[in-house]
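A.B. asks: Return a 3D structure for these sequence lines:
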Amino acid sequence: MTVAAPTKTEYEAIIGLETHCQLGTETKIFSASSTQFGADPNTNIDPICMGLPGVLPVLNEKVLEYAVKAGLALNCQIAPYSKFDRKQYFYPDLPKNYQISQYDLPIAEHGWLEIELVGDDGEPYRKRIGITRLHMEEDAGKLVHAGSDRLSGSTYSLVDYNRAGIALLEIVSEPDIRTGKEAAEYGQELRRIVRYLGISDGNMQEGSLRCDVNISIRPVGQKEFGTKVEIKNMNSFSAIQKAIDYEIDRQIECMATGEPIVQETRLWEENSQQTISMRSKEGSSDYRYFPEPDLCPIEVSVEQKDAWKGELPELPAEKRHRYEEEWGLSAYDARVLTEERDVAEYFEAVVAAGAPAKQAANWVMGDIAGYTNETKLSITEIALKPAILAELIELIEKGTISGKIAKEILPELLEKGGSAKELVESKGMTQISDTGELEKIIDELLAANPDKVEQYRNGKTKIQGFFVGQVMKRTSGRADPKLTNQLLTPKLKG
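C.D. replies: Numbering: from 1, shown residues only. Now for the predicted structure:
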């Protein structure tokens, strides 16, 4: 008898993410060495981050501030008392053979963040993902697997300790995620938050944000978790989604064939688009944690916590909700506009200067985004200031210029700045809204094209576009298109 293979609908995935966020401090977590990215190997090092005998670490105060702010932004409880611990493991990129981290008393716990997605039914939905904990720790170095020695034929690796001692936040989610799509969105929302806070650039390509996935499957309705597998080596949100989707299929296939699922660490292999086994997974007992003897415990006063809380900006989710509720923007528009804090603040400044929200959104997401993408400039670097964009939109709203004219003068405003109104006047580009002038042009065109008038009256109404185009050509694009159509239609109908 053939037994049908289990399907995805018979199982559900239980997914949690461990995210390491590199903080944007100028110096390392326990020493004064630079955190500059891209420096020559082993130049940003010192006796403290290398763990030489007799040195003592000192906590960078900025790291504590950033950790508390991140915890508050993630709705966590900030611990009034926490401490550092030593995590023992032996690997070539860890010069001290231990990492200073936090174990049983982290700086923040019990939080959440909200993600927004579109479901399989096409309907948008929101979901809260719990945050188990957030703690501070130091980064390890970086191994570079260089290849083979030509003389001996043996392979070798190089180690760069520049990254050793750089401040990290490790953020551990609850196992509330069910799909690769939800996991990717969780990672993106986390990146938006740390960028809004100004505590990290969140650049995955440079390793500023690194996500490890813990995933298991279980039959739908079962309360107990299945065997957990960790996936590493994902350098994009797209890779996170693909790796999870692949691993779900792999584990379901294991269940179908009776192959045991073992607790292990697997790597995502981008070329083959699959996960491969790396090593068995360590448990907390393997690390032999004990309190860090060279660092004092940390106490965060209520006054200090409240002061840092008062410095938090409006966060991406709050902005999205406000844009939809206050200005009636679509969920898509709100999401695009709030992706980067600088863009959101530029857009808000345009609206504050008097522009209707939807028109401002269209210009910021369309022509201005196109310009910044092409020139590789940030929106804060362009010459067109928010008040001038609002002025340009007002000229269109009042009928002084057409949208076509606005697009013609936009490049000059983007590159040189200045007043939109003055530029229009200096170029003589104000919109023609004089009925008599437009009727004269229309009458001349109708008289010159009797065959096309006849075609229109025989049912080819699209020919009206030809006449509108000719009016625009005669007026160098200055004719009011709406008024032109209003005058043209009855004349064509006869």
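A.B. asks: switch to C-alpha atoms for all contacts and neighbour counts from now on
C.D. replies: OK.
A.B. asks: Give me the below-cutoff pLDDT ranges for the stretch 1-150 of the chain.
C.D. replies: Scanning the stretch 1-150 of the chain with the threshold set as pLDDT under 70 gives 1-8, 147-150.
A.B. asks: which residues in it form strands?
C.D. replies: Here the stretch 1-150 of the chain has its strands, by DSSP state E, counting those that start in this stretch, at 11-22, 77-78, 81-82, 85-88, 98-101, 108-118, 124-138, 142-148.
A.B. asks: Dump those into JSON lines; add distance to residue 199 as well.
C.D. replies: Supplementary listing: the strands of the stretch 1-150 of the chain in JSON lines, determined by distance: least, Cα to Cα, whole Å:
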{"stretch": "strand 11-22", "distance to residue 199": "9"}
{"stretch": "strand 77-78", "distance to residue 199": "17"}
{"stretch": "strand 81-82", "distance to residue 199": "21"}
{"stretch": "strand 85-88", "distance to residue 199": "23"}
{"stretch": "strand 98-101", "distance to residue 199": "19"}
{"stretch": "strand 108-118", "distance to residue 199": "16"}
{"stretch": "strand 124-138", "distance to residue 199": "13"}
{"stretch": "strand 142-148", "distance to residue 199": "22"}
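A.B. asks: Nearest to residue 154, out of the ones you listed?
C.D. replies: Closest to residue 154 of those, according to Cα to Cα: strand 142-148, at 5.4 Å.
A.B. asks: coming back round to it: residue 290: which of the strands of the stretch 1-150 of the chain is closest?
C.D. replies: For the strands of the stretch 1-150 of the chain, proximity to residue 290 was assessed by Cα to Cα; strand 85-88 is nearest, at 5.5 Å.
A.B. asks: Strand 11-22 and the helix of greatest length in the chain, what's the angle between them?
C.D. replies: Longest among the helix segments of the chain by residue count, using DSSP state H, is helix 237-257. Going by axes from the mean of the first three to the mean of the last three Cα atoms, to 10 degrees, helix 237-257 is angled at 150 degrees with respect to strand 11-22.
A.B. asks: just to revisit the earlier point, please produce CSV containing the strands of the stretch 1-150 of the chain, extended by mean neighbour count and distance to residue 421.
C.D. replies: Below are these laid out as CSV (neighbours: other Cα atoms under 10 Å; distance: least, Cα to Cα, whole Å):
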stretch, mean neighbour count, distance to residue 421
strand 11-22, 23, 46
strand 77-78, 20, 52
strand 81-82, 16, 59
strand 85-88, 21, 63
strand 98-101, 22, 58
strand 108-118, 19, 40
strand 124-138, 20, 41
strand 142-148, 13, 55
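A.B. asks: closest one to residue 273 among the ones you listed?
C.D. replies: Checking those against residue 273 by Cα to Cα gives strand 11-22 as the closest, at 19.3 Å.
A.B. asks: helices and strands around the longest helix of the chain, which ones?
C.D. replies: For helix 237-257, the helices and strands in contact under the criterion 3 or more Cα pairs under 8 Å, 6 or more residues apart in numbering; DSSP states H and E are helix 180-197, strand 209-219, strand 274-280.
A.B. asks: could you check the angle strand 209-219 makes with it?
C.D. replies: Going by the same axes, to 10 degrees, helix 237-257 makes 20 degrees with strand 209-219.
A.B. asks: Okay, buried residues for helix 237-257 please.
C.D. replies: 237, 239-248, 251-252, 255 (16 or more other Cα atoms under 10 Å).
A.B. asks: list the buried ones in the helix or strand following it?
C.D. replies: Tracing the chain past helix 237-257, the next element assigned as helix or strand by DSSP states H and E is strand 264-269. Across strand 264-269, burial judged by 16+ other Cα under 10 Å covers 264, 265, 266, 267, 268.
A.B. asks: and these as TSV, adding distance to residue 71 and pLDDT?
C.D. replies: As requested, those are arranged in TSV below (distance: Cα to Cα, whole Å; pLDDT from 0 to 100):
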residue	distance to residue 71	pLDDT
264	30	92
265	28	92
266	29	94
267	29	93
268	29	93
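A.B. asks: Including distance to residue 458, could these go into a markdown table?
C.D. replies: What follows is these, written out as a markdown table (distance: Cα to Cα, whole Å):
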| residue | distance to residue 458 |
| --- | --- |
| 264 | 75 |
| 265 | 73 |
| 266 | 70 |
| 267 | 68 |
| 268 | 65 |
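A.B. asks: Among the helices and strands packed on helix 237-257, which comes closest to residue 99?
C.D. replies: strand 209-219 (17.3 Å).
A.B. asks: who touches the closest one?
C.D. replies: Contact with strand 209-219 is made by 10-22, 187, 191, 202-204, 224-235, 240, 244, 247-248, 251-252, as judged by Cα atoms under 8 Å, 6 or more residues apart in numbering.
A.B. asks: what's the answer for stretch 318-334, then?
C.D. replies: 335, 338, 357, 358, 361.
A.B. asks: filter these to the buried ones?
C.D. replies: Buried among those (16+ other Cα under 10 Å): 335, 338, 357, 361.
A.B. asks: now, which of these lie within helices?
C.D. replies: Secondary structure from DSSP H places 335, 338, 357, 361 of these in helices.
A.B. asks: Next, work out how far apart residue 440 and residue 479 are.
C.D. replies: According to Cα to Cα, to the nearest Å, residue 440 and residue 479 sit 12 Å apart.
A.B. asks: If you count surrounding residues, which of these two has more?
C.D. replies: More neighbours surround residue 479 than the other of residue 440 and residue 479, with 25 against 10 (other Cα atoms under 10 Å).
A.B. asks: domain ranges for this structure?
C.D. replies: For the chain, automatic domain parsing gives the domain ranges 11-148+155-306, 314-426, 435-493.
A.B. asks: Kindly check the end-to-end length of the shortest one for me.
C.D. replies: Spelled out, that is domain 435-493. 18 Å.
A.B. asks: That one - what's its average pLDDT?
C.D. replies: Per-residue pLDDT over domain 435-493 has a mean of 84.
A.B. asks: shouldn't residue 484 be in contact with residue 468?
C.D. replies: Yes. Counting by Cα atoms under 8 Å, residue 484 does reach residue 468; the two are 6.9 Å apart.
A.B. asks: for the stretch 151-300 of the chain, what are the low-confidence residue spans?
C.D. replies: Along the stretch 151-300 of the chain, the model assigns pLDDT under 70 to residues 151-153, 281-284.
A.B. asks: rerun that using 80 as the cut-off
C.D. replies: Along the stretch 151-300 of the chain, segments meeting pLDDT under 80 span 151-154, 280-285.
A.B. asks: now the buried ones among the contacts of stretch 318-334 as a markdown table including pLDDT and distance to residue 285?
C.D. replies: Below are those laid out as a markdown table (pLDDT from 0 to 100; distance: Cα to Cα, whole Å):
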| residue | pLDDT | distance to residue 285 |
| --- | --- | --- |
| 335 | 94 | 43 |
| 338 | 97 | 43 |
| 357 | 97 | 56 |
| 361 | 98 | 53 |
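A.B. asks: which one of the residues you listed sits closest to residue 45?
C.D. replies: residue 338 (37.5 Å).
A.B. asks: OK, contacts around that closest one?
C.D. replies: Residue 338 makes contact with 316, 319, 320, 344 under the criterion Cα under 8 Å, 6+ apart.
A.B. asks: Kindly recompute the last result at 6 Å.
C.D. replies: 316, 344 (Cα atoms under 6 Å, 6 or more residues apart in numbering).
A.B. asks: quick one: it from residue 443, how far?
C.D. replies: Distance check for residue 338 against residue 443: by Cα to Cα, it reads 49 Å.
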